[in-house]
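Visitor: prediction below, plus the sequence it came from.
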Amino acid sequence: MMDISQTLPTSSIIYALDMVGVAACTAAATMLAKRLQFDIFGAFFVSFLGSVGGGTLRDLLLNRHPIFWLHDLNYLYFIMVLSTIIQIFYHFLDKLDKSLRWFDALGLAAFTVIGVQAALSRGMSAPIVMLMGAVTAIIGGVLRDIVCRQIPLVLQKEIYITASLLGSVYYLLLLHTDVSEWVRSVTTLLLIFVIRMLAVYRGWNLPDLTWKPKKR
Amino acid sequence: MMDISQTLPTSSIIYALDMVGVAACTAAATMLAKRLQFDIFGAFFVSFLGSVGGGTLRDLLLNRHPIFWLHDLNYLYFIMVLSTIIQIFYHFLDKLDKSLRWFDALGLAAFTVIGVQAALSRGMSAPIVMLMGAVTAIIGGVLRDIVCRQIPLVLQKEIYITASLLGSVYYLLLLHTDVSEWVRSVTTLLLIFVIRMLAVYRGWNLPDLTWKPKKR
Amino acid sequence: MMDISQTLPTSSIIYALDMVGVAACTAAATMLAKRLQFDIFGAFFVSFLGSVGGGTLRDLLLNRHPIFWLHDLNYLYFIMVLSTIIQIFYHFLDKLDKSLRWFDALGLAAFTVIGVQAALSRGMSAPIVMLMGAVTAIIGGVLRDIVCRQIPLVLQKEIYITASLLGSVYYLLLLHTDVSEWVRSVTTLLLIFVIRMLAVYRGWNLPDLTWKPKKR
């Protein structure tokens, strides 16, 4: 374990998974943009919004400057290259939807861990840390859907925010143990990923809280 | 008067009315979310956006950090508890709409006064102070409506922004007198509340500026 | 040349063209607001959002405080006066749409140059400078369309973002020459304006990247 964690430092793993999340968001956004007949730069714009919108709002709310993609241009380049490729091969990717879910779940996991760590680094309390994990993970998709005039799906169904929040709780609990950051991050990632994929394949939904009085 | 103002300091009154405004916004947002079949966390999200969205944008624009709800967790807890209760008893609250208007008008009044005070504390000029009062009071509802794909009602009809602006003008005028902050805040609150309720019950609308040339 | 540049310093020209852009955005937003039956303040709100929304997001992202319109009240006053006039004479302005395009293209040009200069003043790299030029120029219109529930046209068609980006590239290239700031700004403005107007009148669109496999 120690060897692996030294060869692959946590930050590198998180960064790699961050890019997986960005890739999933870019793919989803570009395909939505193509369906709506946006042009090249319109697709870039929506991809950028969907991929880094959540982290950007988090950084604005936490007053963390400079915002991460202003100085790390890899995000911008990666999104543009990937969106271009997806635009070119759009007609061959129709059936990508299913496999997108795996990437999407990895992205949800990575974005949550990054958001949690960012909020902790600003000394936030546990509830705000959880909120910032969820903001990082879901706001990009919400913004993308708003610009494209879709009702944000993430608010309507499936265990999505829930998986992010459960992961954050687990991460925060581990802070009280002497588990290394490496183990904490990676197991949180796996937990969120597994919850999300189980929700997708078993059709899990949150129970409806509403008390329905029996009709006679 | 002095006794009352010492027993009930202005800040406590404002804070209490702030929570009334948050309650009204949470109720409105949760009921909209239920109608759109959002799940539990979707309803929390929309409630949070509708309640504190205006104050958050104000703080971002004025560069006031930390944003108020990052350190005062009462907002987060209050919204979640209230939204949960409303989700549970949703079917019994159908006729709440009318009484919501009273809370909503109290919220409009409280949010405006808070926004005005926040802008004054940053040394802003009178027009910006008025704008920030209105931003605090109405942007939450606008954001909620955008996420839920409604055309923001507040922009279309009824004396709403107008009540906020008239209250701000009144507050700013009183700054040139030696009236205590207590009287200034409370009378501003009452003024906005009364204007708004009169507009609701008398069906007041702003006149249409447009000059309609007579058809022959 | 030197004489003109001394009589009319670049910043004054840019400022004047900034106001032209604000005027074009206010006109477009007010007419949209009237069509949707927004009231007076609703029209002000949408005009303000459409005119200064892009520059505001740019300043928030770059952490440039105070945001430009907080201390220069000319923006607020100009937008309110112009929007009022347009509301009054709405029925006489139906055929304004064509000429609006000229102002709109001037605004695109001015907003881009201002955004580029703002990003350069914060030491940003070339790709971010280009992005900030485009953000300043287009986000106002996107926000206006979102509030008014239109699909943002700018993302869908016509050379719009493209004109902004080409102008930014040209401006950045000129930084490596010893051309004066005056010439740099003014020629960039003209370049963007000409590209945009050619796109409008010749119906230019970006090519679609998508590779369409031949059907048998």
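Guide: Nice, thanks for sending it over.

Visitor: just checking, A:Leu174 touches A:Ser185?
Guide: No. In this structure A:Leu174 lies outside contact range of A:Ser185 using C-beta atoms under 8 Å: 9.4 Å. The C-beta positions use only the backbone N, C-alpha and C, and glycine is treated the same way.

Visitor: so if I had to pick from those two, which one is more boxed in?
Guide: Legend: neighbour count by other C-beta atoms under 10 Å in any protein chain shown for A:Leu174 and A:Ser185, higher for A:Ser185 (23 against 17).

Visitor: how far away is the more buried one from chain C?
Guide: 28 Å (C-beta to the nearest C-beta, to the nearest Å).

Visitor: equivalent analysis for A:Val183, please.
Guide: A:Val183 is 35 Å from chain C, by C-beta to the nearest C-beta.

Visitor: how many neighbours does that residue have?
Guide: Counted with other C-beta under 10 Å, residues neighbouring A:Val183 total 14.

Visitor: what comes into contact with the helix or strand containing it?
Guide: Element membership for A:Val183, per DSSP states H and E: helix A:181-202. By C-beta atoms under 8 Å, 6 or more residues apart in numbering or on different chains, the residues outside helix A:181-202 that reach it are A:1, A:5, A:9-10, A:13-14, A:17, A:101-102, A:105-106, A:108-110, A:112-113, A:116-117, A:158-160, A:162-164, A:166-168, A:170-171, A:174-175, A:204-205.

Visitor: flag every buried residue along that helix.
Guide: Residues of helix A:181-202 classed as buried under the neighbour-count rule (16 or more other C-beta atoms under 10 Å in any protein chain shown) are A:182, A:184-186, A:188-189, A:191-193, A:195-197, A:199-200.

Visitor: as JSON lines, those with pLDDT would be great.
Guide: JSON lines is the format used below for the buried residues of helix A:181-202 (pLDDT from 0 to 100):
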{"residue": "A:Trp182", "pLDDT": "84"}
{"residue": "A:Arg184", "pLDDT": "92"}
{"residue": "A:Ser185", "pLDDT": "89"}
{"residue": "A:Val186", "pLDDT": "89"}
{"residue": "A:Thr188", "pLDDT": "94"}
{"residue": "A:Leu189", "pLDDT": "91"}
{"residue": "A:Leu191", "pLDDT": "95"}
{"residue": "A:Ile192", "pLDDT": "94"}
{"residue": "A:Phe193", "pLDDT": "91"}
{"residue": "A:Ile195", "pLDDT": "93"}
{"residue": "A:Arg196", "pLDDT": "89"}
{"residue": "A:Met197", "pLDDT": "89"}
{"residue": "A:Ala199", "pLDDT": "86"}
{"residue": "A:Val200", "pLDDT": "82"}
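
Visitor: so the closest residue to chain C within chain A: helix, strand or coil?
Guide: Here the residue of chain A nearest chain C is A:Gly42; by C-beta to the nearest C-beta that distance is 3.3 Å. For A:Gly42, the assignment made with DSSP: H, G, I helix; E, B strand; the rest coil gives helix.

Visitor: separation between it and chain B?
Guide: A:Gly42 sits 19 Å away from chain B, going by C-beta to the nearest C-beta.

Visitor: near chain B, which residues of chain A are found?
Guide: Contact residues (C-beta under 8 Å from any C-beta of the partner chain) of chain A with chain B: A:60-63, A:124-125, A:127-128, A:131, A:134, A:142, A:146, A:149, A:151-152, A:154-157, A:161-162, A:165, A:205-206, A:208-213.

Visitor: quick one: buried ones out of those?
Guide: By 16+ other C-beta under 10 Å, the residues of chain A next to chain B give A:60-63, A:124, A:128, A:131, A:134, A:142, A:146, A:152, A:154-155, A:157, A:161-162, A:165, A:206, A:209 as buried.

Visitor: show me which of those neighbour chain C.
Guide: Checking these against chain C by C-beta under 8 Å from any C-beta, the ones in range are A:60, A:146.

Visitor: among the buried ones among the residues of chain A next to chain B, which are in strands?
Guide: Among those, DSSP state E puts none in strands.

Visitor: so A:Gly115 touches A:Ala137, yeah?
Guide: Yes. A:Gly115 lies in contact with A:Ala137 (C-beta under 8 Å); the separation is 6.4 Å.

Visitor: the two: which is more packed in?
Guide: In this view A:Gly115 and A:Ala137 are compared by other C-beta under 10 Å, and A:Ala137 has more residues nearby, 32 against 28.

Visitor: so what's the more buried one up against?
Guide: A:54, A:107-108, A:111-112, A:115, A:161, A:164.

Visitor: buried residues in stretch A:132-147?
Guide: Under 16+ other C-beta under 10 Å, the buried positions of stretch A:132-147 are A:132-147.

Visitor: which of those fall in helices?
Guide: With helices defined by DSSP state H, the entries of the buried residues of stretch A:132-147 inside them are A:132-147.

Visitor: now, the most widely separated pair of the residues you listed?
Guide: By the measure C-beta to C-beta, A:Gly133 and A:Val147 form the most distant pair in these, at 23.4 Å.

Visitor: run a quick neighbour tally on A:Leu166.
Guide: For A:Leu166, the neighbour count with other C-beta under 10 Å is 18.

Visitor: wait, A:Gln117
Guide: Neighbour count of A:Gln117, defined by other C-beta under 10 Å: 20.

Visitor: ramachandran coordinates for A:Leu209?
Guide: phi -70, psi -20 (degrees, to the nearest 10).

Visitor: which stretches of chain A form helices?
Guide: A:2-7, A:10-35, A:40-61, A:68-71, A:74-88, A:97-121, A:126-147, A:161-174, A:181-202.

Visitor: now tabulate these in a markdown table and tack on distance to B:Gln37.
Guide: Output for the helices of chain A, formatted as a markdown table (distance: least, C-beta to C-beta, whole Å):
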| stretch | distance to B:Gln37 |
| --- | --- |
| helix A:2-7 | 44 |
| helix A:10-35 | 21 |
| helix A:40-61 | 23 |
| helix A:68-71 | 34 |
| helix A:74-88 | 31 |
| helix A:97-121 | 21 |
| helix A:126-147 | 15 |
| helix A:161-174 | 15 |
| helix A:181-202 | 17 |
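
Visitor: which stretch in these has the least confidence?
Guide: Per-stretch mean pLDDT for those is lowest at helix A:2-7 (a mean of 49).

Visitor: from C:Ala43, how far out is the closest residue to A:Gly42 other than its chain neighbours?
Guide: Excluding its sequence neighbours, the residue lying closest to A:Gly42 (C-beta to C-beta, 6 or more residues apart in numbering or on different chains) is C:Leu155, at 3.3 Å. According to C-beta to C-beta, to the nearest Å, C:Leu155 stands 24 Å off from C:Ala43.

Visitor: find the closest residue to chain B in chain A.
Guide: Counting by C-beta to the nearest C-beta, chain A gets nearest chain B through A:Leu155, at 3.4 Å.

Visitor: A:Ala23 reaches A:Ser83, doesn't it?
Guide: No. Taking contacts as C-beta under 8 Å, A:Ala23 lies outside contact range of A:Ser83: 10.1 Å.

Visitor: quick one: residues contacting A:Ile13.
Guide: With C-beta under 8 Å, 6+ apart, A:Ile13 has these contacts: A:185-186.

Visitor: for chain A, what lies in contact range of chain C?
Guide: Counting by C-beta under 8 Å from any C-beta, chain A sits next to chain C at A:33-34, A:36-42, A:45-46, A:56, A:60, A:65-67, A:70-71, A:73, A:76-77, A:84, A:87-92, A:146-149.

Visitor: switch to 7 Å and redo it
Guide: Within chain A, the positions adjacent to chain C are A:34, A:36-42, A:45-46, A:60, A:65-67, A:70, A:73, A:76, A:84, A:87-91, A:146-147, A:149 by C-beta under 7 Å from any C-beta of the partner chain.

Visitor: alright, that wraps it up for me.
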